[in-house]
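Engineer: give the three-dimensional model of this entry:
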Amino acid sequence: MLPVVSTRGLCVLGLCVGAALIGAGCGGSSSPSATGRPPARPSTTARLEITSPAPDEVTGRNVNLVVRLDNAHLAPPGQTGGTLRPDRGHIHVSVDGDLVSMPSQLTDQLPPLAPGPHTVQTEFVASDHLPFSNRVVAAVTFRVR
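Structural biologist: Numbers count the residues shown, from 1 in each chain. Reported below is the predicted structural model:
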C-alpha cells in the first residue's frame, strides 16, 4: 500500500502520471498508433463495489475502506507497462475529489477525516493507471462524527 499523502493527493498523482509516462515511453500500449492517434482504450467486465463504509454510515475520523472487485485482479504494485489486460489493473482511491492512495489490496485506511459529510470514490484502472474505456467507478457518501 502506498502511503496516504496529506498534500491533497499531489504526490500520489505525480506517481500515477509518472508511471503512465514511463509506460508510454517503454512501448506500452499508451503510445500513439501509426496514424498518430492514441490507441483505443481497452474495456473491462470488472465490477467494483465499496462495502465499507456503507452509504450514509456515521463513522469516526479513522475510516477503513473495504472494496470488492469482481471479474478482475489487482496488478502487482510496480506493474505499469506491457500489454493491457481487461482483467488486471489498479485501484485509485479519492476522498472528496482528491486522490489519496493507490492500494495494492482491497482494503485501505483513509486519511483522518474532519467531522461532516465525505465521499469516497474508487476506480479500477488499467495497469498503466489510465481509465478503461468503460470507467469502473464506485462511490459512497458517509458522515464523520
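
Engineer: for the protein, name the helix or strand with the lowest mean pLDDT.
Structural biologist: helix 10-25 (a mean of 43; mean pLDDT, DSSP states H and E).

Engineer: tell me the helix or strand right after it.
Structural biologist: Tracing the chain past helix 10-25, the next element assigned as helix or strand by DSSP states H and E is strand 47-52.

Engineer: and that next one, what does it pack onto?
Structural biologist: Contact partners of strand 47-52 among helices and strands, from 3 or more CB pairs under 8 Å, 6 or more residues apart in numbering; DSSP states H and E: strand 64-70, strand 116-126, strand 131-144. (Glycine included, C-beta is placed from N, CA and C.)

Engineer: and of those, who's closest to residue 107?
Structural biologist: When the helices and strands packed on strand 47-52 are compared by CB to CB, strand 64-70 sits nearest residue 107, at 5.3 Å.

Engineer: where does the prediction get shaky in the protein?
Structural biologist: 1-33 (pLDDT under 70).

Engineer: which helix or strand contains the residue nearest the centre of it?
Structural biologist: Centroid-nearest residue in the chain: residue 92, 1.4 Å away (criterion: CA atoms, centre = their mean). For residue 92, the element it lies in under DSSP H and E is strand 88-95.

Engineer: and residue 76, by the same measure?
Structural biologist: Using DSSP H and E, no helix or strand contains residue 76.

Engineer: can you count the residues close to it?
Structural biologist: Residues lying near residue 76 (other CB atoms under 10 Å) number 11.

Engineer: again with residue 89
Structural biologist: Quick note: residue 89 (other CB under 10 Å) scores 28 neighbours.
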